[in-house]
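Chemist: Below: sequence and its predicted model.
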Amino acid sequence: MRDRWPGLRADLSAAAAAALLVLVAVLVGRHLQDAYRTLFVHWPPLFAEWEPHLGPGTAAAAAVAAAVVAYGPAVAERLPWRGLLPAAWGTAVAWTWSLALVDGWQRGVAGRLTSRNEYLTVVGRFHDIPAALRDFTHHIVSGTPEPWPAHIAGHPPAATVTFVLLDRAGLGGGGWAGAFCITVGATACVAVLVAVRALADESLARRAAPFVVLAPAAVWVGASADGYFAAVAAWAVALLALAVTGGSVAWAAGSGLLFGLTCYLSYGLTLFAVIGAAVLAVGRRRVRERPGLLLLFLAGAAVVPVVFTLAGFDWWEGYRLLVTRYYQGVGGTRPYGYWVWANLACTVLITGLATAAGLRRAGAVLGRRRTAPAAEIRFALLVAAALSALLIADLSGMSKAETERIWLPFAMWLLPACALLPRPRIWLTAQAVLALLLNHLLFTGW
């Protein structure tokens, strides 16, 4: 077996180590929560409740999983590229919707963004958007008049303004907001494939496609605003990849615009600069040949910050006050010594055991970069940049718990590592089973 599939034993060891990390996080977390009540999650390390259940989406989720496992690798290999991208998006939409509907329409979709800490609860306070932006930082810290709910206080206002604009467009309420997050969030898989093809090669993108589509992360993409954030960040990277490989100034400007928006959707997503830097490093020759690409990117990246600054919102002041708010609440109580490694167990649960094995292979490619194919080296550098950004976020201590949702944007760039794995159907089965078990045994929060 080892001769037929070189590296299989090491792959299985990486997957087993990841599974062991999750098990230890569950056992240690259960003890800490029972003994000290300091984790503030009911099923550590996940923000979830133990609640075995079936729902309207169960049959559809099982059917989508079976179809992708059985036919995904072959279809991804044979379908024309222009057909593969919409097919991947459509399948990701079906997978995410079906998982969300396991919890039912109200609990799984329509009610997700209307709970007391969510964005839709404050839409009415943005009847005058410029005035709300000028006043935004005055309500971040607990104890101020009418403090923002947790998610609004914890993010720059572009996140909230998105749902305000949806409401203004006649798409108000939790159902439309949930549908927006699922539909847009599912496009992240397309952006990832576009970037991999541009920076590495089409073969790797095709091999990654079934894994990016059938991601366990879809449990949290449907329906959370972080799925939407993941898509915006993913397209920022994809357009930058197209710019540095094709030389298009339009792609560069568009990428910059989305990078700027990403930073105003979530403070922590400024770390996507690490992934952007990796893309620029891979395409450095084209960037040197056409310095206007970088200038257009920077000009595009300035648009959203300038608009919000002129409207009266100070990003740096908002972040400073957020740190205060974070430590006023459960963030100041949750133990860093547990979450700094248990967060990584959450990452295993949203990316799956296949990704752990894929990351091992990506590391091996970088370890033999003198002899490895150039496309694989570029590919591994992209994955390594995403992992580095995630680890920086982890060490910062500003993401203690709930990272199964918060780190969705980073997780999308770890999933392509599965393209390096042989026997994809076996690994896809493991991914599907994990997602189905998580969604049917637990009721996930937020």
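Modeler: Nice, thanks for sending it over.
Chemist: Which strands or helices does the top helix by length along the chain pack on?
Modeler: Determined from DSSP state H, the single longest helix within the chain is helix 336-367. Packing partners of helix 336-367 (3 or more CB pairs under 8 Å, 6 or more residues apart in numbering; DSSP states H and E): helix 8-36, helix 202-213, helix 374-396, helix 403-406, helix 408-411, helix 424-441. Every C-beta, even on glycine, is put in place using the N, C-alpha and C of the backbone.
Chemist: Buried deepest among those, which one?
Modeler: helix 408-411 (a mean of 30; mean count of other CB atoms under 10 Å).
Chemist: Helix 202-213 and the longest helix of the chain, what's the angle between them?
Modeler: Taking axes from the mean of the first three to the mean of the last three CA atoms, to 10 degrees, helix 336-367 and helix 202-213 form an angle of 160 degrees between their directions.
Chemist: Figure out how far helix 336-367 is from the centre of its chain.
Modeler: 14 Å (CA atoms, centre = their mean, to the nearest Å).
Chemist: I'd like the average pLDDT over that helix.
Modeler: Across helix 336-367, the average pLDDT comes to 98.
Chemist: Which of the residues in that helix are classified as buried?
Modeler: Across helix 336-367, burial judged by 16 or more other CB atoms under 10 Å covers 338-339, 342-362, 364-365.
Chemist: Output the helices and strands packed on helix 336-367 in a markdown table; the columns should cover distance to residue 294 and mean pLDDT.
Modeler: Formatted as a markdown table, these follow (distance: least, CB to CB, whole Å; pLDDT from 0 to 100):
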| stretch | distance to residue 294 | mean pLDDT |
| --- | --- | --- |
| helix 8-36 | 37 | 97 |
| helix 202-213 | 25 | 98 |
| helix 374-396 | 18 | 98 |
| helix 403-406 | 30 | 98 |
| helix 408-411 | 23 | 98 |
| helix 424-441 | 37 | 98 |
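Chemist: pLDDT below threshold where in this protein?
Modeler: Applying pLDDT under 70 to the chain picks out residues 1-5.
Chemist: repeat that with 80
Modeler: Counting by pLDDT under 80, the chain has low-confidence residues at 1-5, 446.
Chemist: coming back round to it: export the helices and strands packed on helix 336-367 to TSV and tack on distance to residue 102?
Modeler: Formatted as TSV, those follow (distance: least, CB to CB, whole Å):
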stretch	distance to residue 102
helix 8-36	21
helix 202-213	18
helix 374-396	27
helix 403-406	16
helix 408-411	18
helix 424-441	5
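Chemist: And those: which comes nearest residue 47?
Modeler: When those are compared by CB to CB, helix 403-406 sits nearest residue 47, at 7.1 Å.
Chemist: May I have the phi/psi pair for the residue nearest to residue 388 when sequence neighbours are not counted?
Modeler: In this structure, residue 388 finds its nearest non-sequential neighbour in residue 274, 5.6 Å apart by CB to CB, 6 or more residues apart in numbering. Phi and psi for residue 274, reported as degrees, to the nearest 10, are phi -60, psi -40.
Chemist: same question, residue 301
Modeler: Dihedral angles of residue 301 (phi, psi; degrees, to the nearest 10) stand at phi -70, psi -20.
Chemist: Excluding chain neighbours, give the residue nearest to it in space.
Modeler: residue 256 (3.7 Å).
Chemist: which parts of the helix or strand containing the one you found are buried?
Modeler: Using DSSP states H and E, residue 256 maps to helix 249-265. Within helix 249-265, the residues that count as buried by 16+ other CB under 10 Å are 249, 251-265.
Chemist: ok, now stretch 71-91?
Modeler: Of the residues in stretch 71-91, 72, 73, 75, 76, 79, 84, 85, 87, 88, 89, 91 count as buried by neighbour count, 16+ other CB under 10 Å.
Chemist: For residue 140, state which of those residues is nearest.
Modeler: Nearest member of these to residue 140, counting by CB to CB, is residue 89, at 35.8 Å.
Chemist: Quick check: the gap between the closest one and residue 58.
Modeler: Distance, residue 89 to residue 58, using CB to CB, to the nearest Å: 23 Å.
Chemist: Next: residue 409.
Modeler: According to CB to CB, residue 409 and residue 58 sit 28 Å apart.
Chemist: Same question for residue 255.
Modeler: 39 Å.
Chemist: just to revisit the earlier point, how about the residue nearest to residue 388, what does it touch?
Modeler: Counting by CB atoms under 8 Å, 6 or more residues apart in numbering, residue 274 makes contact with 385, 386, 388, 389, 392.
Chemist: Next one: it from residue 174, what distance?
Modeler: 34 Å.
Chemist: try residue 38
Modeler: Distance of residue 38 to residue 174, given as CB to CB: 32 Å.
Chemist: the more surrounded of those two?
Modeler: Taking neighbours as other CB atoms under 10 Å, residue 38 and residue 174 compare with residue 174 leading, 20 against 12.
Chemist: dump the residue contacts of that one.
Modeler: Residue 174 makes contacts with 109, 110, 111, 112, 113, 114, 120, as judged by CB under 8 Å, 6+ apart.
Chemist: Please tell me I have it right and the fifth one contacts residue 119.
Modeler: Yes: taking CB atoms under 8 Å as the contact criterion, residue 113 and residue 119 are neighbours in contact, 5.8 Å apart.
Chemist: and for those two, which residues touch both?
Modeler: 163, 177, 225.
Chemist: Out of those residues, which is nearest to residue 134?
Modeler: residue 163 (19.2 Å).
Chemist: could you measure the nearest residue to residue 269 once chain neighbours are set aside against residue 255, distance?
Modeler: Nearest residue to residue 269, sequence neighbours excluded (CB to CB, 6+ apart): residue 262, at 4.8 Å. Noted for residue 262: a distance of 10 Å to residue 255, by CB to CB.
Chemist: what touches both of the two?
Modeler: Residues touching both residue 262 and residue 255 (CB under 8 Å, 6+ apart) are residue 236.
Chemist: circling back: isn't the residue nearest to residue 301 up against residue 296?
Modeler: Yes: proximity of residue 256 to residue 296 meets the contact threshold set by CB under 8 Å, at 6.8 Å.
Chemist: For residue 338, which non-adjacent residue is spatially closest?
Modeler: Excluding the flanking residues, the one nearest residue 338 by CB to CB, 6+ apart is residue 32, at 6.1 Å.
Chemist: got the contact list for the one you found?
Modeler: Residue 32 sits next to 38, 39, 44, 335, 338 when contact means CB under 8 Å, 6+ apart.
Chemist: Hmm, the residue nearest to residue 269 is touching residue 232, no?
Modeler: Yes: with contact defined as CB under 8 Å, residue 262 counts as touching residue 232 (5.4 Å).
Chemist: Measure how buried residue 183 is and give me the count.
Modeler: 19.
Chemist: And residue 231, by the same measure?
Modeler: Residue 231: 25 surrounding residues under other CB under 10 Å.
Chemist: Ok, residue 127 next?
Modeler: Here the count is done by other CB under 10 Å, and residue 127 has 10 residues near it.
Chemist: Fine by me, thanks again.
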